[in-house]
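Undergrad: Sequence plus the predicted model coming up.
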Amino acid sequence: MSNAMTETTHYTVTKAATKAEQEAQLVDFVRQAVERAIESRGFATLVVSGGSTPKGLFQALSGTDLDWSKVYITLADERCVPETDDLSNAKLVKDNLCQSHAAVANFVPLFLEDESEEACRARFAEHPQLSETYDVVFLGMGGDAHTASIFPEAAERDMALDMTSSVNILKTDPVTVAPLRLTQTRPRLLDTHNLLLQLIGEDKWDVFSGVAEANTPDKPITQFIHQITIPLQVYFAEKK
Ligand SMILES: O=C1O[C@H](COP(=O)(O)O)[C@@H](O)[C@H](O)[C@H]1O
(Lines give C-alpha, C1' and ligand atoms only; values in the text may rest on other atoms or scores of the structure.)
Protein backbone atom coordinates (compact mmCIF):
# COMPACT_ATOMS: atom_id res chain seq x y z
CA MET A 1 0.00 0.00 0.00
CA SER A 2 1.56 3.31 -0.99
CA ASN A 3 0.65 6.92 -1.42
CA ALA A 4 -0.34 7.76 -4.99
CA MET A 5 0.00 11.26 -6.35
CA THR A 6 -0.15 11.71 -10.11
CA GLU A 7 -1.72 14.29 -12.38
CA THR A 8 -5.08 12.55 -12.27
CA THR A 9 -4.91 10.52 -9.08
CA HIS A 10 -4.53 12.46 -5.96
CA TYR A 11 -4.80 10.45 -2.77
CA THR A 12 -2.85 9.43 0.31
CA VAL A 13 -3.41 6.48 2.64
CA THR A 14 -3.02 6.47 6.41
CA LYS A 15 -3.19 2.94 7.70
CA ALA A 16 -4.20 1.71 11.18
CA ALA A 17 -4.14 -1.82 12.53
CA THR A 18 -7.41 -1.39 14.40
CA LYS A 19 -10.59 0.67 14.30
CA ALA A 20 -9.67 2.21 17.69
CA GLU A 21 -6.30 3.33 16.34
CA GLN A 22 -7.99 4.83 13.28
CA GLU A 23 -10.52 6.66 15.43
CA ALA A 24 -7.70 8.19 17.48
CA GLN A 25 -5.97 9.34 14.25
CA LEU A 26 -9.18 10.89 12.96
CA VAL A 27 -10.10 12.58 16.24
CA ASP A 28 -6.66 14.18 16.22
CA PHE A 29 -7.12 15.27 12.60
CA VAL A 30 -10.55 16.78 13.23
CA ARG A 31 -9.41 18.50 16.42
CA GLN A 32 -6.57 20.26 14.60
CA ALA A 33 -8.71 21.22 11.59
CA VAL A 34 -11.54 22.54 13.77
CA GLU A 35 -9.22 24.54 16.04
CA ARG A 36 -7.46 26.04 13.00
CA ALA A 37 -10.76 27.04 11.40
CA ILE A 38 -12.18 28.58 14.58
CA GLU A 39 -8.99 30.55 15.08
CA SER A 40 -8.96 31.87 11.52
CA ARG A 41 -12.66 32.62 10.87
CA GLY A 42 -14.57 32.02 14.09
CA PHE A 43 -16.35 28.80 13.15
CA ALA A 44 -15.68 25.38 11.65
CA THR A 45 -17.70 23.13 9.34
CA LEU A 46 -17.76 19.36 9.45
CA VAL A 47 -19.57 17.31 6.79
CA VAL A 48 -20.03 13.68 7.79
CA SER A 49 -21.32 10.53 6.14
CA GLY A 50 -23.69 7.94 7.56
CA GLY A 51 -23.96 4.17 7.35
CA SER A 52 -22.28 1.79 9.76
CA THR A 53 -18.64 2.90 9.40
CA PRO A 54 -18.49 6.21 11.33
CA LYS A 55 -20.47 5.31 14.49
CA GLY A 56 -17.37 4.70 16.66
CA LEU A 57 -15.69 7.82 15.31
CA PHE A 58 -18.78 9.89 16.12
CA GLN A 59 -18.74 8.63 19.71
CA ALA A 60 -15.03 9.36 20.03
CA LEU A 61 -15.50 12.87 18.61
CA SER A 62 -18.42 13.62 20.92
CA GLY A 63 -16.12 13.08 23.92
CA THR A 64 -13.51 15.46 22.53
CA ASP A 65 -13.16 18.79 24.28
CA LEU A 66 -13.54 21.36 21.48
CA ASP A 67 -15.44 24.64 21.16
CA TRP A 68 -18.34 22.70 19.63
CA SER A 69 -20.71 25.69 19.87
CA LYS A 70 -18.72 27.13 16.96
CA VAL A 71 -18.90 23.95 14.87
CA TYR A 72 -21.51 23.46 12.11
CA ILE A 73 -22.17 19.81 11.32
CA THR A 74 -24.10 18.52 8.33
CA LEU A 75 -24.31 15.39 6.20
CA ALA A 76 -22.71 14.49 2.87
CA ASP A 77 -25.82 12.42 2.17
CA GLU A 78 -29.09 11.31 3.68
CA ARG A 79 -31.70 8.62 3.24
CA CYS A 80 -35.14 10.19 2.72
CA VAL A 81 -36.77 8.78 5.84
CA PRO A 82 -38.10 10.42 9.02
CA GLU A 83 -35.44 11.30 11.57
CA THR A 84 -36.86 8.67 13.92
CA ASP A 85 -36.09 5.86 11.43
CA ASP A 86 -33.01 3.71 12.13
CA LEU A 87 -31.95 4.26 8.50
CA SER A 88 -31.69 8.01 9.08
CA ASN A 89 -28.13 9.36 8.96
CA ALA A 90 -29.34 12.36 10.99
CA LYS A 91 -30.46 9.99 13.75
CA LEU A 92 -27.00 8.39 13.72
CA VAL A 93 -25.37 11.81 14.05
CA LYS A 94 -27.73 13.01 16.77
CA ASP A 95 -27.46 9.79 18.80
CA ASN A 96 -23.70 9.39 18.54
CA LEU A 97 -21.96 12.65 17.57
CA CYS A 98 -24.14 15.43 18.97
CA GLN A 99 -23.75 14.13 22.52
CA SER A 100 -21.49 14.87 25.50
CA HIS A 101 -19.12 17.77 24.65
CA ALA A 102 -20.54 17.98 21.11
CA ALA A 103 -24.15 18.35 22.27
CA VAL A 104 -23.86 22.12 21.73
CA ALA A 105 -22.71 21.78 18.10
CA ASN A 106 -24.95 23.26 15.37
CA PHE A 107 -26.36 20.34 13.43
CA VAL A 108 -28.09 21.15 10.13
CA PRO A 109 -29.92 18.09 8.75
CA LEU A 110 -29.80 17.44 5.03
CA PHE A 111 -33.40 16.26 4.90
CA LEU A 112 -36.56 17.00 6.85
CA GLU A 113 -39.59 14.75 6.47
CA ASP A 114 -41.46 15.35 3.17
CA GLU A 115 -39.01 18.09 2.16
CA SER A 116 -38.34 18.60 -1.55
CA GLU A 117 -34.79 19.12 -2.79
CA GLU A 118 -35.65 22.76 -3.54
CA ALA A 119 -36.87 23.27 0.04
CA CYS A 120 -33.74 21.60 1.35
CA ARG A 121 -31.52 23.92 -0.73
CA ALA A 122 -33.48 26.96 0.53
CA ARG A 123 -33.13 25.81 4.16
CA PHE A 124 -29.42 25.22 3.66
CA ALA A 125 -29.00 28.71 2.24
CA GLU A 126 -30.21 30.09 5.58
CA HIS A 127 -26.88 28.96 7.06
CA PRO A 128 -24.18 31.11 5.42
CA GLN A 129 -21.49 29.05 7.17
CA LEU A 130 -22.47 26.11 4.97
CA SER A 131 -22.02 28.12 1.77
CA GLU A 132 -18.30 28.59 2.37
CA THR A 133 -15.52 26.12 1.62
CA TYR A 134 -15.98 23.30 4.11
CA ASP A 135 -13.25 22.54 6.64
CA VAL A 136 -13.59 18.75 6.74
CA VAL A 137 -15.66 16.44 4.52
CA PHE A 138 -15.86 12.78 5.50
CA LEU A 139 -16.86 10.35 2.77
CA GLY A 140 -17.81 6.72 3.24
CA MET A 141 -17.97 4.04 0.57
CA GLY A 142 -20.32 1.13 -0.05
CA GLY A 143 -19.34 -2.29 -1.38
CA ASP A 144 -20.65 -1.24 -4.83
CA ALA A 145 -18.30 1.79 -4.83
CA HIS A 146 -21.10 4.29 -4.16
CA THR A 147 -20.23 7.29 -2.06
CA ALA A 148 -22.33 10.10 -0.58
CA SER A 149 -25.43 8.20 -1.82
CA ILE A 150 -24.28 8.57 -5.43
CA PHE A 151 -24.91 5.04 -6.66
CA PRO A 152 -23.51 3.42 -9.83
CA GLU A 153 -27.00 2.68 -11.24
CA ALA A 154 -28.69 5.97 -10.36
CA ALA A 155 -30.09 7.98 -13.28
CA GLU A 156 -28.94 11.14 -11.48
CA ARG A 157 -25.37 9.78 -11.04
CA ASP A 158 -23.67 11.86 -13.73
CA MET A 159 -25.59 14.96 -12.70
CA ALA A 160 -24.42 14.51 -9.09
CA LEU A 161 -20.81 14.04 -10.24
CA ASP A 162 -20.77 16.87 -12.83
CA MET A 163 -18.10 19.38 -11.83
CA THR A 164 -19.62 22.09 -14.06
CA SER A 165 -22.94 21.99 -12.19
CA SER A 166 -23.83 24.75 -9.74
CA VAL A 167 -26.41 22.57 -7.95
CA ASN A 168 -25.31 21.79 -4.40
CA ILE A 169 -27.94 19.26 -3.29
CA LEU A 170 -29.70 16.62 -5.40
CA LYS A 171 -32.33 13.95 -4.79
CA THR A 172 -31.28 10.57 -6.21
CA ASP A 173 -32.76 7.11 -6.62
CA PRO A 174 -30.10 4.44 -5.97
CA VAL A 175 -32.26 1.93 -7.96
CA THR A 176 -30.50 -1.04 -6.35
CA VAL A 177 -31.69 -0.20 -2.82
CA ALA A 178 -34.39 1.84 -1.09
CA PRO A 179 -35.06 4.53 0.06
CA LEU A 180 -34.48 7.64 -2.08
CA ARG A 181 -31.47 9.74 -1.10
CA LEU A 182 -30.30 13.31 -0.92
CA THR A 183 -26.68 14.01 -1.74
CA GLN A 184 -24.45 16.99 -1.72
CA THR A 185 -23.05 17.00 -5.26
CA ARG A 186 -19.41 16.31 -6.11
CA PRO A 187 -18.48 19.96 -6.84
CA ARG A 188 -19.94 20.93 -3.45
CA LEU A 189 -18.18 18.13 -1.56
CA LEU A 190 -14.84 18.81 -3.21
CA ASP A 191 -15.06 22.45 -2.13
CA THR A 192 -13.34 21.66 1.16
CA HIS A 193 -10.00 22.21 2.86
CA ASN A 194 -9.84 18.51 3.82
CA LEU A 195 -11.41 15.52 2.04
CA LEU A 196 -11.30 12.26 3.98
CA LEU A 197 -12.48 8.74 3.22
CA GLN A 198 -12.90 6.36 6.17
CA LEU A 199 -12.55 2.68 5.30
CA ILE A 200 -12.70 -0.21 7.75
CA GLY A 201 -11.99 -3.84 6.81
CA GLU A 202 -10.13 -5.63 4.02
CA ASP A 203 -13.31 -6.00 1.95
CA LYS A 204 -13.64 -2.20 1.69
CA TRP A 205 -9.95 -1.87 0.90
CA ASP A 206 -10.24 -4.39 -1.94
CA VAL A 207 -13.12 -2.40 -3.48
CA PHE A 208 -11.28 0.89 -3.07
CA SER A 209 -7.95 -0.29 -4.49
CA GLY A 210 -9.66 -2.12 -7.37
CA VAL A 211 -11.60 0.99 -8.33
CA ALA A 212 -8.59 3.28 -7.87
CA GLU A 213 -6.57 1.13 -10.22
CA ALA A 214 -9.27 0.50 -12.83
CA ASN A 215 -10.32 4.18 -13.00
CA THR A 216 -13.84 3.39 -14.19
CA PRO A 217 -15.86 6.62 -13.96
CA ASP A 218 -19.20 4.80 -13.56
CA LYS A 219 -18.12 3.76 -10.03
CA PRO A 220 -18.81 7.03 -8.16
CA ILE A 221 -15.95 6.83 -5.63
CA THR A 222 -13.57 6.80 -8.64
CA GLN A 223 -14.46 10.39 -9.35
CA PHE A 224 -13.40 11.45 -5.86
CA ILE A 225 -10.08 9.60 -6.32
CA HIS A 226 -9.24 10.60 -9.89
CA GLN A 227 -9.50 14.34 -9.54
CA ILE A 228 -7.05 17.08 -8.71
CA THR A 229 -9.31 19.60 -6.93
CA ILE A 230 -8.42 18.39 -3.43
CA PRO A 231 -6.31 15.38 -2.37
CA LEU A 232 -8.37 12.52 -1.02
CA GLN A 233 -7.02 11.41 2.37
CA VAL A 234 -7.90 7.76 2.87
CA TYR A 235 -7.89 6.41 6.42
CA PHE A 236 -7.89 2.62 6.37
CA ALA A 237 -8.20 0.28 9.38
CA GLU A 238 -7.57 -3.38 8.70
CA LYS A 239 -9.71 -4.72 11.55
CA LYS A 240 -13.39 -3.93 11.99
O1 LIG B 1 -25.85 4.34 2.38
C2 LIG B 1 -24.79 4.75 2.77
O3 LIG B 1 -23.69 3.99 2.62
C4 LIG B 1 -22.36 4.49 2.70
C5 LIG B 1 -21.49 3.35 3.21
O6 LIG B 1 -22.10 2.82 4.39
P7 LIG B 1 -21.43 1.70 5.30
O8 LIG B 1 -22.57 1.17 6.12
O9 LIG B 1 -20.80 0.68 4.41
O10 LIG B 1 -20.44 2.41 6.16
C11 LIG B 1 -22.29 5.73 3.59
O12 LIG B 1 -21.05 6.36 3.42
C13 LIG B 1 -23.41 6.69 3.28
O14 LIG B 1 -23.34 7.86 4.07
C15 LIG B 1 -24.72 6.01 3.56
O16 LIG B 1 -25.83 6.86 3.37
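TA: Nice, thanks for sending it over.
Undergrad: what's in contact with stretch 214-228?
TA: Residues from elsewhere that reach stretch 214-228, judged by C-beta atoms under 8 Å, 6 or more residues apart in numbering: 7-11, 139, 141, 144-148, 150-152, 157, 160-161, 163, 186, 189-190, 195, 197, 208, 211-212, 232. Using the backbone N, CA and C atoms, a C-beta is placed for each residue, glycine as well.
Undergrad: Select from those residues every entry located in strands.
TA: Under the assignment DSSP state E, these contribute 10-11, 139, 195, 197, 232 to strands.
Undergrad: and Y235, what helix or strand is that in?
TA: In the assignment (DSSP states H and E), Y235 maps to strand 232-237.
Undergrad: quick one: the helices in this structure?
TA: For the chain, the helices defined by DSSP state H occupy 19-41, 55-62, 89-96, 117-125, 157-161, 186-189, 202-214, 222-225.
Undergrad: tell me which residues in the fourth one are buried?
TA: Yep, that's helix 117-125 we're talking about. Of all the residues in helix 117-125, those buried under the rule 16 or more other C-beta atoms under 10 Å are 117, 120, 123-124.
Undergrad: Throw those residues into CSV and include pLDDT and distance to the ligand, thanks.
TA: Below are the buried residues of helix 117-125 laid out as CSV (pLDDT from 0 to 100; distance: C-beta to the nearest ligand atom, whole Å):
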residue, pLDDT, distance to the ligand
E117, 95, 16
C120, 96, 15
R123, 97, 19
F124, 95, 17
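Undergrad: Point out the one among the helices of the chain that comes closest to R79.
TA: R79 lies closest to helix 89-96 among the helices of the chain, at 6.3 Å (C-beta to C-beta).
Undergrad: Output the below-cut-off pLDDT ranges for the protein.
TA: Low-confidence segments of the chain, defined by pLDDT under 70, span residues 1-9.
Undergrad: of all the residues in the protein, which ones are close to the ligand?
TA: Applying C-beta under 6 Å from any ligand atom, one finds that the chain approaches the ligand through 49-53, 77, 79, 89, 140-142, 149.
Undergrad: For those, work out which two are farthest apart.
TA: Spanning the widest gap among the residues of the chain next to the ligand are R79 and M141, at 16.0 Å by C-beta to C-beta.
Undergrad: could you redo the helices of the chain as JSON lines and give each row distance to I169?
TA: As requested, the helices of the chain are exported to JSON lines (distance: least, C-beta to C-beta, whole Å):
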{"stretch": "helix 19-41", "distance to I169": "22"}
{"stretch": "helix 55-62", "distance to I169": "22"}
{"stretch": "helix 89-96", "distance to I169": "14"}
{"stretch": "helix 117-125", "distance to I169": "5"}
{"stretch": "helix 157-161", "distance to I169": "10"}
{"stretch": "helix 186-189", "distance to I169": "7"}
{"stretch": "helix 202-214", "distance to I169": "25"}
{"stretch": "helix 222-225", "distance to I169": "17"}
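Undergrad: Looking at those, spot the one closest to K239.
TA: So among the helices of the chain, helix 19-41 is nearest, using C-beta to C-beta, at 6.3 Å.
Undergrad: Buried residues, stretch 200-212. List them.
TA: By neighbour count on 16+ other C-beta under 10 Å, the buried set for stretch 200-212 is 200, 204-205, 207-209, 211-212.
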